[in-house]
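Sequence plus predicted model, see below.
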Amino acid sequence: MSDGDLQDRRVEAVRDWTLFIEQGDAAARVRPEILSSWGRAREADVSADVSAAPMADESETAAVWCDSPLQQAVESVEDDLRRTAEDGDLVIAVTDARTRILWTYGGRVMRRKAESVHFVAGGRWDDESVGTNALDLANRLDVASMVFSAEHYARIVQNWVCWAAPLHDPVSGKQLGVVDLSTTWDRTHPIGLATARVMAKLIEAAIPDSAHHPSALEETDDPGLVMTLLGTVETRLDGQRLLLSRRQSEVLALLALHPEGLSLEQLHAMVYGDAAITFSTLKAEVSHLRQALGGQLSSRPYRLLMPAATDVQHVLTLIRGGHVRAAVDAYGGDLFPGSDSPALNELADYVAVALREALLADPDPDAVLRYSEELAPYDREVVEVCLRRLAAHPAHPAVPLLKARLVVAGH
C-alpha cells in the first residue's frame, strides 16, 4: 500500500471515528467488530481522551507471569521476539486471558511510545478499560486481529497500527492470552497480521507440556476433574482428556454436581428414572469410572475424592453474581444435549431458564445479541426487552442488529 493510500485510509478512519464520537453514528464501512468494540467502550464510559491504560497491581501481575506457562515459552524464544521488535521498530506484548500485559519488548522508538501510554507489564488493555484495540479483539474473538489508526477508540494510540493473535495451550486448547505487534500507522504492512500469527505459533510451540499446569484447567485453581457439559460434553482429569461412554459421563456429571455424595438408590433414580435398569448395571458403570479416575471415587455414598468443577456451576455462579454478559459467554448451549437422565434434563431446563430470566432483568445488548444469534434465535421477547431498554439510545450500534434478529425470529 502506497503512502498516499495509507494517508487516505487514515483520513477515513479519523472521519468515521469522529462521526461516532460526536454523533453516535457510524459509516457503513466501519468493520462490525470495530463498531461493536466502540459500543462496549462507550457503554463502559471509557473516555476517548484517556491518557494511559489503567495499571493492575504490580506484584499480582508478576505472580501471574511467574505462574503462567507463557513465561517459559517466551523466555525460550525471547531472542527471536526481540530481533523481530528491533528489526521492525515494533513493540511486542504478551498478555493473559484478561488482556493484561505480562511481558513486552520494544524497539528504540516504540519502547518510549509504549511506556508513555502504559503499554507495559501490568497495563490493562481490554476495551472496557482503554477502548478498542487489537489485543482485546484477538482475545475476545479468538482470531488474529488488526486495528489501524483511528479504529482505536482512545486518541493515545490512534497513531498506531496493531496486529494481535491468540495464544493457546497446545495440550488443553485453553486460550492463554495474545501476542501483539504494534508500530506507527505509517508503517502498516500487509504482512503484519501474518507475522503476528507466526509469533503466536512460535510461542505456542515453546510452551512446555502443561497438561498438569493449573492454567490448563477450567475455572479451578487446583488439579482435579473438569467437565464441560454445556453444548458439548468433555471431561479432563488434571488436564488429560478422559474417554468415557455417554452413560459414564452422565454418572460422572451427577457426582461432580453433588459433591456431598449420592446413595446407590439416589444415583440410579437420577440416571435412569423409572426405566427397568438393574442396580448391577449402574454398579458396573461406577466401577469403570473408578478405574478411569485412578480410584478417586468412594462408595456408600458414591462420592468423588478430588476437586471437581463444571461449566454449569460456573454459569450459575455468574448469574447469581449479576454477571449476565459473562454468563452468556460461558453458556455453550443446552446441558448434556440428548441425555435421557431425568436429573440432568431438569437441571438443563433450570440453567436455560435462569439465563433467560437474567437477560430479561438485565438485557445487556452484546449479551442479548450473542444469545439471540447463537443460543435462542427465535426468542423474540428477550430481543424486544433489550430494544425497549435502548429506546433512548437509537444510535446504539446494537439496535439495527437486534431489529434484524426480530425479523429473522418472525419467519
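Thanks, I have the structure now.

from here on, contacts and neighbour counts on C-alpha atoms
Noted.

Would you list the phi and psi of residue 144?
The phi/psi pair for residue 144 (degrees, to the nearest 10) reads phi -60, psi 140.

Please determine how far it is located from residue 138.
Residue 144 sits 5 Å away from residue 138, going by Cα to Cα, to the nearest Å.

who touches both of those two?
Both residue 144 and residue 138 are contacted by 164-166, under the criterion Cα atoms under 8 Å, 6 or more residues apart in numbering.

What is the burial count for residue 63?
11 (other Cα atoms under 10 Å).

what about it, which SS state?
Classification of residue 63 using DSSP: H, G, I helix; E, B strand; the rest coil returns helix.

cool, residue 98 as well?
Per three-state DSSP, residue 98 ends up coil.

got a list of what it touches?
126, 139, 177.

try it again with 6 Å
Residues counted as contacts of residue 98 (Cα atoms under 6 Å, 6 or more residues apart in numbering): none.

try residue 272
residue 341.

OK, contacts around residue 391?
Counting by Cα under 6 Å, 6+ apart, residue 391 has no contacts.

So for it, what's the pLDDT?
Note for residue 391: predicted pLDDT of 79.

Ramachandran coordinates for it?
Torsion angles, degrees, to the nearest 10, at residue 391: phi -60, psi -30.

And the pLDDT at the spatially most central residue of the chain?
Per Cα atoms, centre = their mean, the C-alpha nearest to the average position across the chain is that of residue 140, at 5.3 Å. pLDDT for residue 140: 92.

Just say helix, strand or coil for it.
With three-state DSSP as the criterion, residue 140 reads helix.

same thing with residue 178?
Strictly by three-state DSSP, residue 178 counts as strand.

try the one 5 residues further on
In terms of secondary structure, residue 183 is strand; the call rests on three-state DSSP.

For residue 195, see how far away the closest residue to it other than its chain neighbours is.
Leaving out its chain neighbours, the residue that sits closest to residue 183 by Cα to Cα, 6 or more residues apart in numbering is residue 90, at 5.0 Å. For residue 90, the distance to residue 195 equals 12 Å [Cα to Cα].

and what of residue 242?
Applying Cα to Cα to residue 242 and residue 195 gives a distance of 36 Å.

now the strands for the stretch 301-411 of the chain?
303-304, 308-310 (DSSP state E, counting those that start in this stretch).

among these, which is nearest residue 59?
For the strands of the stretch 301-411 of the chain, distance to residue 59 was read as Cα to Cα. The smallest value, 27.9 Å, belongs to strand 308-310.

Just give me how far that closest one sits from the chain centre.
Between the centre of strand 308-310 and the centre of its chain there are 18 Å (Cα atoms, centre = their mean, to the nearest Å).

Return the set of buried residues in it.
308-310 (16 or more other Cα atoms under 10 Å).

And these, which is closest to residue 153?
Distances from residue 153 to these, taken by Cα to Cα, are shortest for residue 310, at 36.3 Å.

Check which helix or strand the nearest residue to that closest one once chain neighbours are set aside maps to.
In this structure, residue 310 finds its nearest non-sequential neighbour in residue 227, 4.8 Å apart by Cα to Cα, 6+ apart. Using DSSP states H and E, the element containing residue 227 is strand 225-228.

packing partners for that strand?
strand 234-237, strand 308-310 (3 or more Cα pairs under 6 Å, 6 or more residues apart in numbering; DSSP states H and E).

hmm, 10 Å instead?
strand 234-237, strand 240-241, helix 246-257, strand 308-310, helix 311-320 (3 or more Cα pairs under 10 Å, 6 or more residues apart in numbering; DSSP states H and E).

how far does the lowest-mean-pLDDT helix or strand in the chain sit from the chain's center?
For the chain, counting by mean pLDDT, DSSP states H and E, helix 398-409 ranks last in confidence among helices and strands (a mean of 77). Helix 398-409 sits 24 Å away from the centroid of its parent chain (Cα atoms, centre = their mean).

now swap in stretch 39-49 and tell me
Counting by Cα atoms, centre = their mean, stretch 39-49 comes out at 20 Å from the chain centroid.

Next, the buried residues of it.
39-42, 46, 48.

Okay, and the closest residue to residue 82 other than its chain neighbours sits in which element?
Nearest residue to residue 82 in three dimensions, chain neighbours excluded: residue 105, at 6.5 Å (Cα to Cα, 6+ apart). Assigned by DSSP H and E, residue 105 belongs to strand 101-106.

Note down every partner strand of that strand and its orientation.
Paired strands of strand 101-106, with direction, are strand 91-95 (antiparallel) (DSSP bridges).

quick check, distance from the strand it pairs with to the centre of its chain.
18 Å.

again, but for stretch 139-152
15 Å.

Also stretch 7-24?
Centroid displacement of stretch 7-24 relative to its chain, using Cα atoms, centre = their mean, is 29 Å.

quick one: buried residues of stretch 132-145?
132-140, 142, 144-145.

still on that earlier bit, neighbour count: residue 90 and residue 195, which is higher?
residue 90 (26 against 17).

Quick check: the more buried one touching residue 84?
Yes - using Cα atoms under 10 Å, residue 90 is in contact with residue 84, at 7.5 Å.

Give me the common contacts of those two.
105-107, 181 (Cα atoms under 10 Å, 6 or more residues apart in numbering).

As JSON lines, the residues you listed with neighbour count and distance to residue 250 would be great.
Shown next, in JSON lines, are the shared contacts of residue 90 and residue 84 (neighbours: other Cα atoms under 10 Å; distance: Cα to Cα, whole Å):
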{"residue": "105", "neighbour count": "23", "distance to residue 250": "48"}
{"residue": "106", "neighbour count": "27", "distance to residue 250": "51"}
{"residue": "107", "neighbour count": "20", "distance to residue 250": "54"}
{"residue": "181", "neighbour count": "30", "distance to residue 250": "45"}
